[in-house]
Every structure is written in structure tokens, then in C-alpha cells.
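following is a predicted model, sequence given first.
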Amino acid sequence: MDYASVAAWGCNGLIILGVVSYIVFEVLKRWRVGLRLSSLDESLLHDEVVTVEVVTDAPHGSSFVAGAVAEFVEDGKKL
């Protein structure tokens with residue numbers, strides 16, 4: 001084997017390792033978020049890693065406003 005072939009295999013190995021590690025990281029992250037959702041962890045509201053893309057359930061009387069950023073409002077807090 002010449003050096004070019006070894007370098008090509010090394011680069012391919014690094015790219016495959018990077019893609020596999022990214023996939024494993026994403027699966028673990030989603031699994032942890034799922035566990036936190038199932039345990040109703042309220043710290044998810046303040047977690048910067050988690051973003052809400054689609055609201056699938058809301059209390060009766062809630063309304064959706066397109067383009068508005070959702071903010072957490074604590075009880076007793078007056079605007």
C-alpha cells in the first residue's frame with residue numbers, strides 16, 4: 001500500500017467515525033429528553049438545548065400566535 005491509499009483510508013475512517021458519533025449523540029440526547037418529558041421535568045422550560053417547534057397540546061382556551069416566541073410566565077408575575 002502506498003501513502004496515498006493509507007491517507008485515504010484514514011480520512012474515510014475519520015469521517016465515518018464522526019458521522020457515527022454524531023448519530024449516537026443525537027439518539028442519546030433525544031432519549032434523555034424523552035425521559036425528562038415522561039417524568040414531567042419542569043427544568044425543560046429553561047433548558048437552552050431544547051427548542052419547541054410544534055405545540056401539540058395546550059390547555060383549553062389557549063391560542064396560537066404565529067411568529068411569537070413563547071416565554072415562561074410564573075404565577076403571580078405581573079406584566
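Sure, I can see it.

what's the separation between H46 and Y3?
As judged by C-beta to C-beta, to the nearest Å, H46 and Y3 stand 52 Å apart. C-beta: built from backbone N, CA, C; applies to glycine.

and what of L28?
Taken as C-beta to C-beta, the span from L28 to Y3 is 37 Å.

list the contacts for the residue nearest the centre of the chain?
Centrality entry for the chain: nearest residue to the mean C-alpha point is V50, 4.9 Å, by C-alpha atoms, centre = their mean. By C-beta atoms under 8 Å, 6 or more residues apart in numbering, the residues touching V50 are V33, L44.

what's the pLDDT at it?
Listed pLDDT for V50 reads 78.

cool, and V55?
Value for V55, per-residue pLDDT: 65.

now do the contacts for R36.
Contacts of R36 (C-beta under 8 Å, 6+ apart): S43, L44.

let's see 7 Å
L44 (C-beta atoms under 7 Å, 6 or more residues apart in numbering).

which element is D75 on?
Using DSSP states H and E, D75 maps to neither a helix nor a strand.

count of residues packed around it?
If you count neighbours by other C-beta atoms under 10 Å, D75 ends up with 4.

stretch 1-20 - what's its average pLDDT?
94.

what comes up buried for it?
Within stretch 1-20, no residue is scored as buried using 16 or more other C-beta atoms under 10 Å.

now do that stretch: distance to the chain's middle.
Relative to its parent chain, stretch 1-20 has a centroid offset of 30 Å by C-alpha atoms, centre = their mean, to the nearest Å.

ok, stretch 27-36 next?
When distances are taken as C-alpha atoms, centre = their mean, stretch 27-36 is centred 8 Å away from the chain's centroid.

got it, and stretch 26-38?
With C-alpha atoms, centre = their mean, you get 8 Å for stretch 26-38.

state the mean pLDDT of it.
91.

and the helices in this structure, which stretches?
3-38 (DSSP state H).
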